[in-house]
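Novice: A predicted structure for the sequence below; I have some questions about it.
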Amino acid sequence: MRVGVKAVIPAAGLGTRFLPATKAQPKEMLPVVDKPAIQYVVEEAVESGIEDILIITGRGKRAIEDHFDKSVELEGYLWSKDKMEELRTVQQISEMARIFYVRQKEPLGLGHAVLCAKEYVNDDDFAVLLGDDIVVGDTPCTKQLADIFKQKKRSVVAVEEVPESEAHKYGIVSGEDLGEGLMQIEEITEKPPKGQARSNLASMGRYVFSPAIFDHLERTLPDKRGEIQLTDAIGKMAAEEEVLAYRFKGRRFDIGSHLGWIVANMELALRRGDIGPGLKEYIQNMDSRG
């Protein structure tokens, strides 16, 4: 088996936090600067050396498939107008990876969405990248995890520190510190009650698993909302074998919230040579505009 040869991107959520913008379009297609959010996630997988990607979709997500498909009409139009730079950009989107799709027919939770990938993954190790997080850095976050998996032969979860006052919003990890940013997971709790989190290390939407995770997902009971939680399955897995957490290196943007989405747009725009200087000047002069 080759680590990281496959990736799974769950993208079946309804995006209710972004209504009305997501009433008729997938939340994953909301633009961050000039690319849909899910394209950043696919690009991270590709830059991590992943060749095949499965996107878990649902009803109303056809725009995702269309985005990564070849667009004959658009390419023909751009060619006829001699818009070569735009043509190359469009072509690269459809050529960046082999992308497959399967539908999660009911909203039964993240764990269930990952379980929908079982037949696709088969006996391979695989990465899971959540679409609500964009991570940028010198080394892609998923590649950092894949390198650890290859070295340690253990499933690994990306984590970062969050303020204690925010811990109740995340899957919180605790365990034995192994040094060099690694921890052996002893407990992982999905959204613990305020003030009861055992640490401030939160799971951050990037994982590399062995296929053994599917056995644990199949044995995980739905929670009180009827959803199968991925964190519950990870906890079961950690009780039977070593599962690692890693404090990844990079800047994470939570685009699952309004503020996080706006911050991502601003920070990523400021990093662009063609947009950044003008935006920075605008921000600096905002107070003078009244």
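Specialist: Yep, that arrived.

Novice: And the residue nearest the centre of this structure?
Specialist: Leu130 (2.4 Å; Cα atoms, centre = their mean).

Novice: Quick check: pLDDT value at that residue.
Specialist: pLDDT, Leu130: 95.

Novice: buried set for stretch 253-269?
Specialist: 253-256, 260-261, 264-265, 267-269 (16 or more other Cβ atoms under 10 Å). C-betas here are computed from N, CA, C, even on glycine.

Novice: Filter these down to the ones in helices?
Specialist: In this view, these that belong to helices under DSSP state H are 260-261, 264-265, 267-269.

Novice: Return the member of those residues nearest to Lys83.
Specialist: Proximity of those to Lys83 (Cβ to Cβ) peaks at Ala269, which lies at 22.6 Å.

Novice: Look up how far Ser203 lies from that closest one.
Specialist: When Cβ to Cβ, to the nearest Å is the yardstick, Ala269 and Ser203 sit 28 Å from each other.

Novice: what do you get for Val102?
Specialist: From Val102 to Ser203 the distance is 23 Å (Cβ to Cβ).

Novice: Then Glu242?
Specialist: 17 Å.

Novice: between those two, which one's more packed in?
Specialist: Per other Cβ atoms under 10 Å, whichever of Glu242 and Ser203 has more neighbours is Ser203, with 23 against 15.

Novice: Give me the nearest residue to that one, chain neighbours excluded.
Specialist: Gly171 (3.9 Å; Cβ to Cβ, 6 or more residues apart in numbering).

Novice: Next, give phi and psi for that neighbour.
Specialist: Recorded main-chain torsions at Gly171 are phi -80, psi 120, according to degrees, to the nearest 10.

Novice: Tell me who's in contact with it.
Specialist: By Cβ atoms under 8 Å, 6 or more residues apart in numbering, Gly171 lies in contact with 188-191, 202-203, 230-231.

Novice: again with Ala113
Specialist: Ala113 sits in contact with 10, 12, 56, 104, where contact means Cβ under 8 Å, 6+ apart.

Novice: Mark which of those are part of strands, please.
Specialist: Members of these lying in strands (criterion: DSSP state E): 10, 56.

Novice: Could you single out the nearest of the contacts of Ala113 to Asp34?
Specialist: Nearest to Asp34 among these, with distances taken as Cβ to Cβ, is Pro10, at 24.1 Å.

Novice: isn't that closest one right up against Gly111?
Specialist: No: applying Cβ atoms under 8 Å, one finds Pro10 not in contact with Gly111, separated by 9.7 Å.

Novice: of the two, who's got more company?
Specialist: Pro10 (27 against 24).

Novice: State the distance from that one to Lys27.
Specialist: Pro10 is 12 Å from Lys27, by Cβ to Cβ.

Novice: Mind listing the shared neighbours of those two?
Specialist: With Cβ under 8 Å, 6+ apart as the test, Pro10 and Lys27 both reach Gly131.
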